[in-house]
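[1] Kindly return the folded structure for what I paste below:
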Amino acid sequence: MKAILRFFFKLLYHQFAFAYDFVAATVSVGQWKNWVSSILPFITGTRILEIGHGPGHLQRILLTRGLDSVAIDESATMALLAKHNTDGKATLARALAQGFPFADSSFDTIVATFPAEYINDPPTLVEVKRCLSDGGRFIVLLAAMQMGRKPLERAMSLLFRITHQSPVDPIEVVSERLKAPFVETGLEVEIKELSIKSSLLLVILATKKEE
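    Got it, this is the predicted structure:
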């Protein structure tokens, strides 16, 4: 099942990227863009890197705020969508999180929303720390759960659990699977739970210690 789901998400992110927004809106009961926007208050500084920009919705928001934003993604199809959704204004690079094409201390904030498993790989975290300025912040919107009791909301909550997009016990999962690699990389980790309407979001804030 896990292999099938990975294959599905690979198709959704590449060959069927045109359907990404529809699927995201459906599984989130129309809350997907609100979820992505929820990380904005945690952004510090003006130099921003987004890992896995997808269709570019966060990039559009960052650009309207006058921030110096750059984004990477490994999907050429998503890059085309992001360019379209930002009217060609976004600065995009095709790259992997395990190897940023940027100099040391290039960014005040690095952000990823609903990333895949690569996000807690040691090489990814090493690159994040390298490219953050001292005191810089790494924001990861990790998961979301529908908390409402309406039939559709309950169905979407079940779907998220089946697809491993929303852990049953998010704090426990983060503590066991993600916090240790962050700390081992030398980042200070804080976990936030956000309530957005009938949704519960799990956000990881990791800060590079000032030297």
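[2] any idea how far the strand ranked longest in the chain is from the chain center?
    For the chain, the strand reaching the highest residue count under DSSP state E is reported as strand 132-146. Here strand 132-146 is found 8 Å from its chain centre; the criterion is Cα atoms, centre = their mean, to the nearest Å.
[3] pLDDT of it, averaged?
    Averaged across strand 132-146, the pLDDT comes to 89.
[4] for that strand, packing partners?
    Using 3 or more Cβ pairs under 8 Å, 6 or more residues apart in numbering; DSSP states H and E as the contact test, the elements touching strand 132-146 are helix 32-37, strand 107-113, helix 151-162, helix 170-173, strand 199-208. Backbone N, C-alpha and C define where each C-beta goes, glycine included.
[5] between these, which gets the lowest average pLDDT?
    When I compare the helices and strands packed on strand 132-146, helix 151-162 is least confident, with a mean of 48.
[6] Name the helix or strand of the protein that has the lowest mean pLDDT.
    Here the helix or strand of the chain ranked lowest by mean pLDDT, DSSP states H and E is helix 151-162, holding a mean of 48.
[7] where in this protein is pLDDT low?
    For the chain, residues meeting the criterion pLDDT under 70 lie at 1-19, 21-30, 146-178.
[8] partners of the longest strand of the chain in the sheet?
    strand 107-113 (parallel), strand 199-208 (antiparallel) (DSSP bridges).
[9] which one of those lies closest to Leu132?
    Among those, strand 199-208 comes nearest to Leu132, with 4.3 Å by Cβ to Cβ.
[10] Name the nearest residue to the residue most central in space within the chain, sequence neighbours excluded.
    With distances taken as Cα atoms, centre = their mean, the chain has Thr113 as the residue nearest its mean C-alpha position (1.5 Å). Nearest residue to Thr113, sequence neighbours excluded (Cβ to Cβ, 6 or more residues apart in numbering): Leu141, at 4.2 Å.
[11] May I have the helix or strand that contains Lys179 as CSV, with CA atoms only?
    Using DSSP states H and E, Lys179 sits in helix 179-185. Taking Å, rounded to 0.1, in the frame of the first residue of the first chain, the C-alpha atoms of helix 179-185 are listed here in CSV:
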residue,chain,number,x,y,z
LYS,A,179,12.9,15.9,16.5
ALA,A,180,16.1,13.8,16.9
PRO,A,181,17.5,14.3,13.4
PHE,A,182,16.8,18.1,13.7
VAL,A,183,18.6,18.3,17.1
GLU,A,184,21.5,16.1,15.9
THR,A,185,22.0,18.6,13.0
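[12] Pull out the buried positions in it.
    The neighbour-count check on helix 179-185 (16 or more other Cβ atoms under 10 Å) flags 179, 181-182, 185 as buried.
[13] In contact with the nearest residue to Leu125 once chain neighbours are set aside: list those residues for me.
    Computed as Cβ to Cβ, 6+ apart, the closest residue to Leu125 that is not its neighbour in sequence is Thr185, at 4.1 Å. By Cβ atoms under 8 Å, 6 or more residues apart in numbering, Thr185 lies in contact with 122, 125-126, 128-129.
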